[in-house]
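S.K.: dropping a prediction and its sequence here:
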Amino acid sequence: MRHSSLLALLSVLVLAGSPAHAADDLSRLKARAARVEIVRDDWGIAHIHGKTDADAVFGMAYTQAEDDFNRVETNYITALGRAAEADGEKAIWSDLRQKLFIAPVVLKTDYAKSPAWLKALMNGWADGLNFYLATHPTVKPRTITRFEPWMALSFSEGSIGGDIERVSLTQLENFYGKRQLAMTTDEKGLTFREPTGSNGFAIAPSNTLAGNALLLINPHTSFFFRSEMQVASDEGLNAYGATTWGQFFIYQGFNAKAGWMHTSSGVDVVDEFAETVLEKDGKRFYQYGKALRPVTSDVIVVPYKAADGTMAERRFTVFRTHHGPIVREADGKWISIALMNKPVAALEQSFLRTKATDYASFMKVAELKANSSNNTIFADSKGQIAYLHPQFIPRRDDRFDYTQPVDGADPATDWKGLHALNEAPALLNPKNGWIFNTNDWPYSAAGPYSPKKADFPKYMDTFGENPRGVHATRVLTDRKDFTLPGLIGAAYDPYLTAFARLLPTLTAAYDAAPSGDPLKAKLAEQIALLKGWDFKWSAKSEATSLAVFWGEALWTTAAPAAKAKGVNVYDYMADQATPAEKLNALAQASDRLATDFGSWRTPWGEINRFQRLTGDIVQPFNDAGPSIPVPFASAQWGSLASFGAKRWPGTRKYYGTSGNSFVAVVEFGAKVRARAVSAGGESGDPGSKHFNDQAERYAQGNLRDVYFYPEDLKGHIARTYRPGQ
């Protein structure tokens, strides 16, 4: 370690206590670093080994910071409600939203009460990040200059976009800022948002050539949201996969015996209660049954960076009922919100499942019931495959519609404990030999062997079916010859199920149009092209471009109308959009293609591009910059390999920011085998050769071998070192 780094470390540690204590802490951290080995393979992926689980977590945190400290810190700035300290007043409301649920004083108490093994992991995590900062003095944090162990509890579940994000920032500002801002079209659900969620497939041994279970791990998130790594210890930890920046567990991945894939669930676990609030003797009360209960209040302070660079603060008196904090007002009622807030159990479950070696041990961990937002697709070396619904599911009276605010004054609407695991939709080794989830309902997860919708409360799902689910059923049904390459082929199958349904209604509208309709001649060639299309994307396909632009044009008018009628947008586009609307949308699509690209006959790969120019979290895009053609399309149209792309300010080409991010296929034989690819590369540093070294493979769906065992790494080791070296 360099002398300057030692001095920097000493100066950081002095902040935590006396110089003598800092010297002792330095000695302790150096000793811990000596118990950790980091091997970087030829893709820059870290393979970390520690003597204990806590040592491994130390190395895990350190290597994440090496690869992209900005993303690590940003995740905790967000989770702790401290974004305004870095970004100014614009972040006040997102910070307030976090602070309604995340309070340092509570998390510090939770940390103190945590089991010793979990506390040791949190200590190792904080030590690893602080050791990185001290040994890299040129890295300047935006807000968090020292990580404390309890902070790990603020971000414990791994999903992109947690339950807290269900609270509308506009309405929160209206209530606590005494504003009258209109909700954005995005908050109203009128703007298309690329589905974030994922695909998970599990294939039983009966459907594979080698007689081993297979697992597809295919999260659809914003790009570069997770890093890929392996973390192991002498205490039995040995997990590989995708970990969210700053967290100390493999979120979607596998060990030598079992694998787990999480997909966003449609189960309703976040509910709003309409509270009848009254004032009496200068105090606020809310109606509950025949009684009046006091509305509780406390003050939340939100520090923020003022325009002149100095620190300022805003203070908010916030209100709560027994249901939860008040987050908005509607129709004269105050609206409270209830959601899972079990940080210790959530962090326990997130870590412990990475050490589960079969279905039974995985289910034992699930009994913690601290997963609220994830379905799980599971496979193990015993040949077992399974589907799990989220485990945190409040029991409710199914007479009420919990997708809307329910009457908080009626005790019958209250949550009544949690469902037992066997009361939720689930699957274990169905006879068809496959299970999937694509963020759709669980009622098609195994074809005819799926859970039955009629057997469960309606709040067990709010998503319904989606085009990717139809597609998954198509590629999995009646197939007994799966291999790792075959599973990759299924994951990248180019069929677009939404267009297979929608385009025949367009061509029918064209055929039925009178000969005198001016669109008849204008659209003749376009209709001929679409009639001859096989509904499969490819970089060379002109029909894909035309279909996507047509679908987007029709969606713009159909989505608000569908929401107003309370129907699915795809159903509205197919069955209720008028023939004139469908034909006009095709004319608009043709004109936009011609304007932007010179011809409506433009290959999809010329439009749909992957570009990574900087390490910024919010990526800039430039048509003049280098980019790579991507053949696969948006999940909006049923593409299993999802690429959420659009035009950006100043661009005509589409650039992706979400969809396929980390993709892996795993075979659980006598030894685990896997292949994987990550969007772009492992490093967030544009100067690193691992910033974009996987981009071509990513765009082609060309997964590389995973080096899971030491013998796999032989010949592929770029560097071996210890933290601080």
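M.R.: Done, it's in.
S.K.: does anything pack onto whichever strand or helix holds residue 490? Which helices or strands?
M.R.: Residue 490 belongs to helix 484-491 when assigned by DSSP states H and E. In terms of contacts (3 or more Cβ pairs under 8 Å, 6 or more residues apart in numbering; DSSP states H and E), helix 484-491 is packed against strand 197-203, strand 213-222, strand 662-668, strand 672-678. The C-beta positions use only the backbone N, C-alpha and C, and glycine is treated the same way.
S.K.: okay, the angle between the first one and strand 213-222?
M.R.: Regarding strand 197-203 and strand 213-222, their directions subtend 170 degrees when assessed with axes from the mean of the first three to the mean of the last three Cα atoms, to 10 degrees.
S.K.: let me have the helices and strands packed on helix 484-491 in a markdown table, adding mean pLDDT and distance to residue 581 as columns.
M.R.: Converted to a markdown table, these look like this (pLDDT from 0 to 100; distance: least, Cβ to Cβ, whole Å):
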| stretch | mean pLDDT | distance to residue 581 |
| --- | --- | --- |
| strand 197-203 | 93 | 29 |
| strand 213-222 | 95 | 29 |
| strand 662-668 | 97 | 37 |
| strand 672-678 | 98 | 40 |
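S.K.: let me know which of those is tucked in deepest.
M.R.: Mean neighbour count, computed with mean count of other Cβ atoms under 10 Å, is highest for strand 197-203 among those, reaching a mean of 30.
S.K.: each with direction, which strands does it pair with?
M.R.: Using DSSP bridges, the strands paired with strand 197-203 in its sheet are strand 213-222 (antiparallel), strand 434-437 (antiparallel).
S.K.: of all the helices and strands packed on helix 484-491, which one comes closest to residue 269?
M.R.: Evaluated over the helices and strands packed on helix 484-491, closeness to residue 269 peaks at strand 197-203, with 15.3 Å, by Cβ to Cβ.
S.K.: could the helices and strands packed on helix 484-491 be laid out in CSV, adding distance to residue 594?
M.R.: Putting the helices and strands packed on helix 484-491 into CSV (distance: least, Cβ to Cβ, whole Å) gives the following:
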stretch, distance to residue 594
strand 197-203, 34
strand 213-222, 31
strand 662-668, 35
strand 672-678, 35
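S.K.: among those strands, which comes closest to residue 473?
M.R.: Among the helices and strands packed on helix 484-491, the nearest to residue 473 by Cβ to Cβ is strand 197-203 (11.0 Å).
S.K.: what's the angle from the closest one to strand 662-668?
M.R.: Using the same axes, to 10 degrees: strand 197-203 against strand 662-668 is 20 degrees.
S.K.: about what we covered before: columns distance to residue 134 on top of the strands paired with strand 197-203, output as CSV?
M.R.: Below are those laid out as CSV (distance: least, Cβ to Cβ, whole Å):
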stretch, distance to residue 134
strand 213-222, 30
strand 434-437, 43
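S.K.: out of those strands, which is closest to residue 242?
M.R.: Of all the strands paired with strand 197-203, strand 213-222 sits nearest to residue 242, with 6.4 Å by Cβ to Cβ.
S.K.: okay, now the sheet partners of whichever helix or strand comes after that closest one, with direction.
M.R.: Downstream of strand 213-222, the next assigned helix or strand under DSSP H and E is strand 226-233. According to DSSP bridges, strand 226-233 forms sheet pairs with strand 46-50 (parallel), strand 238-244 (antiparallel).
S.K.: surely residue 622 is in contact with residue 652?
M.R.: No. Counting by Cβ atoms under 8 Å, residue 622 does not reach residue 652; the two are 11.1 Å apart.
S.K.: which stretches of the protein have low pLDDT?
M.R.: For the chain, the stretches with pLDDT under 70 are 1-24, 158-161, 181, 183-197.
S.K.: measure the residue lying farthest from the centre of it to residue 509 for me?
M.R.: Distance from the C-alpha centroid of the chain, by Cα atoms, centre = their mean, peaks at residue 516 (50.2 Å). Using Cβ to Cβ, to the nearest Å, one gets 15 Å for the distance from residue 516 to residue 509.
S.K.: before we move on, the earlier item: ok, which of the strands paired with strand 197-203 comes nearest residue 633?
M.R.: Within the strands paired with strand 197-203, the stretch nearest residue 633 is strand 213-222; the backing value is 12.7 Å (Cβ to Cβ).
S.K.: just the CA trace of that closest one, in CSV.
M.R.: The C-alpha coordinates for strand 213-222 follow below in CSV (Å, rounded to 0.1, in the frame of the first residue of the first chain):
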residue,chain,number,x,y,z
ALA,A,213,-32.0,-29.2,-14.7
LEU,A,214,-31.5,-25.9,-16.5
LEU,A,215,-32.1,-22.3,-15.4
LEU,A,216,-32.4,-19.1,-17.5
ILE,A,217,-31.5,-15.9,-15.6
ASN,A,218,-32.6,-12.9,-17.6
PRO,A,219,-33.3,-9.7,-15.6
HIS,A,220,-34.7,-6.8,-17.5
THR,A,221,-33.4,-3.7,-15.7
SER,A,222,-31.8,-0.4,-16.6
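S.K.: which parts of stretch 478-493 are buried?
M.R.: Buried positions in stretch 478-493, judged by neighbour count with 16 or more other Cβ atoms under 10 Å: 482-484, 486-488, 490-493.
S.K.: next one: stretch 646-659
M.R.: Neighbour-count burial for stretch 646-659 [16+ other Cβ under 10 Å]: 646, 648, 651, 653-659.
S.K.: so how far is the first residue of it from its last?
M.R.: One end of stretch 646-659 sits 12 Å from the other (Cα to Cα, to the nearest Å).
S.K.: name the surrounding residues that touch that stretch.
M.R.: The contact list for stretch 646-659 (Cβ atoms under 8 Å, 6 or more residues apart in numbering) reads 194, 196, 220-223, 596-597, 606-611, 619, 621-623, 627, 630, 632, 634-635, 641-645.
S.K.: can you say which of these are buried?
M.R.: Buried residues within the contacts of stretch 646-659, counting neighbours by 16+ other Cβ under 10 Å: 194, 196, 220-223, 596-597, 607-611, 619, 621, 627, 630, 632, 634-635, 641-645.
S.K.: which residue is the nearest non-sequential neighbour of residue 590?
M.R.: What sits nearest to residue 590 in space, not counting adjacent residues and going by Cβ to Cβ, 6 or more residues apart in numbering, is residue 600, at 4.2 Å.
S.K.: so how far is residue 473 from the one you found?
M.R.: Noted for residue 600: a distance of 33 Å to residue 473, by Cβ to Cβ.
S.K.: picking up where we left off before, turn the buried residues of stretch 478-493 into TSV, columns for distance to residue 137.
M.R.: Formatted as TSV, the buried residues of stretch 478-493 follow (distance: Cβ to Cβ, whole Å):
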residue	distance to residue 137
482	51
483	50
484	45
486	50
487	46
488	44
490	49
491	44
492	44
493	50
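S.K.: now, which of these sits nearest residue 56?
M.R.: Distances from residue 56 to the buried residues of stretch 478-493, taken as Cβ to Cβ, are shortest for residue 484 (27.6 Å).
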